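*Asks:* Any chance you can model this:
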Amino acid sequence: MPVMEGKAVLFKRFADIDAMALCIGKVFNEKGRTDAAKVIETVERLEPSFGGINLEDIGAPACFEVEQTLKQRMNIPVFHDDQHGTAIISLAAIINALKMVGKEISKCRFVVNGAGAAGISCSELYITAGADRKNFLMFDSKGVISTKRTDLNAEKARFAADTEVTSLAEALVGADVFLGLSVGGCVTPEMVKTMAPGAIIFAMANPVPEIDPALAREAGAAVVGTGRSDFPNQINNVLGFPGIFRGALDVRATDINVEMQLAASRAIAEVACETVPEELKAYLKIAYPADYAAGVFDPEMPLSSDYVIPKPFDSRVVPRVARYVAEAAMQTGTAQIRIDDLDAYEAEVTARVARANS
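*Replies:* Have a look, this model is predicted:
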């Protein structure tokens, strides 16, 4: 419950959305695993009372069935943030990181350590954004996801590779991108040294990342991000879900589809490439004193290896994400309300959030 209550506070703080935390119990089967049917039945009954549903802390593989079934049955947005939030934010970071190193996503080799809800969804969104499924090697707690495995669920099976690779160290040789959603300390500097030039590492295990960012940079990584606020390039879901739901609710979208997710990634990536206004710098100086002192926010084009993604307290993010998500909803036919002036809408969201926090 505290996690859910905290998320409700973040919805209000960042997007002026009134959210209610609802925890449901007695949804486990005789094996102690989530009974998807029980969760689906409970959530489906809530539709008349809410404008959208943010699912939280439903483990894989049940989370995939729960979300997909609810999306099919309900006429309000259903969004599993554990899956899609990390995917959207990390894709935004990858978009800008690839600009930094001069690579195309379609040609990049990905190694994904962690095949749970986030690892699967991140990989699927990257593929939708242009990555090649054949260029993925994925690992779970039992090792590489390969065609030799007979214990894979449907989601993992889509990433089963015909490979002789058996270890993470072997997989990282020549890889362009490492995505860590697993356990701390599993990547060594020696492994990073074998990656392709301009390597991108997102080590998102918490509280200890898969490799310390300083060690990764010393070993040759060009861009490094983590899930922690005390390191550069924090992959934080609060950059996504408030603006995503603000945009979806404002056009009364019936879904948060993949086009809306991609639009959110583009919006977040775009903000990091824009000059930081002086009045915003004054606030960021207080929120992020070390980054301010290092001059991260000073350049006219602030994008750098230490700033491929905006900060969570950047007040431009939610309005921009809401705008792009609302526009994508209208373009894909999920919106029930049209917004004709998107410039005015973005300004309106900016003012609304400011009023809510004054």
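
*Asks:* Every contact and neighbour count from this point should use C-alpha atoms.
*Replies:* Noted.

*Asks:* counting contacts, what elements does the longest helix along the chain pack onto?
*Replies:* As assigned by DSSP state H, the longest helix anywhere in the chain is helix 81-101. Packing partners of helix 81-101 (3 or more Cα pairs under 8 Å, 6 or more residues apart in numbering; DSSP states H and E): strand 53-55, helix 117-128, helix 258-271.

*Asks:* Would you reformat these as JSON lines and include mean pLDDT?
*Replies:* Below are the helices and strands packed on helix 81-101 laid out as JSON lines (pLDDT from 0 to 100):
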{"stretch": "strand 53-55", "mean pLDDT": "96"}
{"stretch": "helix 117-128", "mean pLDDT": "96"}
{"stretch": "helix 258-271", "mean pLDDT": "98"}
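
*Asks:* To P209, which of the ones you listed lies closest?
*Replies:* Evaluated with Cα to Cα, the helices and strands packed on helix 81-101 place helix 117-128 nearest to P209, the distance being 15.0 Å.

*Asks:* what sits against the residue nearest to the spatial centre of the chain?
*Replies:* The centroid of the chain falls nearest to T86 when counting by Cα atoms, centre = their mean (2.2 Å). Contacts for T86 (Cα atoms under 8 Å, 6 or more residues apart in numbering) come out as 118, 122, 235-237.

*Asks:* What about those residues, which one has the most neighbours?
*Replies:* When neighbours are counted by other Cα atoms under 10 Å, I235 leads the contacts of T86 with 28 neighbours.

*Asks:* Quick check, that residue in contact with S90.
*Replies:* Yes: counting by Cα atoms under 8 Å, I235 touches S90, with 6.1 Å between them.

*Asks:* what residues does stretch 319-338 touch?
*Replies:* Applying Cα under 8 Å, 6+ apart, the contact partners of stretch 319-338 are 240, 243-248, 250-257, 259-261, 263-264, 267-268, 271, 339, 342, 345-347, 349-350.

*Asks:* Of those residues, which belong to helices?
*Replies:* 243-248, 250, 259-261, 263-264, 267-268, 271, 342, 345-347, 349-350.

*Asks:* which among those end up buried?
*Replies:* Applying 16 or more other Cα atoms under 10 Å to the ones in helices among the contacts of stretch 319-338, the neighbour count classes 243-248, 250, 259-261, 263-264, 267-268, 271, 342, 345-346, 349-350 as buried.

*Asks:* what number of residues lie near E56?
*Replies:* Neighbours of E56 using other Cα under 10 Å come to 16.

*Asks:* An error on my part: the question was meant for R228.
*Replies:* Neighbourhood size, R228 [other Cα under 10 Å]: 18.

*Asks:* any idea of the pLDDT on it?
*Replies:* The score at R228 is 94. That number is its pLDDT.

*Asks:* same deal with K26?
*Replies:* 77.

*Asks:* repeat for I339
*Replies:* For I339, the pLDDT comes out at 98.

*Asks:* and if you look at E218?
*Replies:* In this prediction, E218 carries a pLDDT score of 98.

*Asks:* quick one, what contacts A87?
*Replies:* Listed by Cα under 8 Å, 6+ apart, the contact set of A87 reads 118, 121-123, 125-126.

*Asks:* Throw those into TSV and include distance to V3, thanks.
*Replies:* Formatted as TSV, these follow (distance: Cα to Cα, whole Å):
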residue	distance to V3
A118	18
S121	21
C122	22
S123	26
L125	26
Y126	28
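
*Asks:* Can you tell me which of these is nearest G102?
*Replies:* The closest of these to G102 turns out to be Y126 (Cα to Cα; 17.1 Å).

*Asks:* That closest one and L91 touch, don't they?
*Replies:* Yes: using Cα under 8 Å, Y126 is in contact with L91, at 6.6 Å.

*Asks:* quick one: which of these two has more around it?
*Replies:* In terms of neighbours (other Cα under 10 Å), L91 is the more surrounded of Y126 and L91; the figures are 26 against 22.

*Asks:* got the contact list for that one?
*Replies:* By Cα under 8 Å, 6+ apart, the residues touching L91 are 122, 125-126, 265.

*Asks:* Kindly recompute the last result at 10 Å.
*Replies:* By Cα atoms under 10 Å, 6 or more residues apart in numbering, the contact list for L91 reads 85, 97, 122-123, 125-126, 129, 235, 261-262, 264-266, 268-269, 309.

*Asks:* Spatially nearest residue to V165 (excluding sequence neighbours)?
*Replies:* Once flanking residues are discounted, V165 sits nearest to A171: 6.2 Å by Cα to Cα, 6 or more residues apart in numbering.
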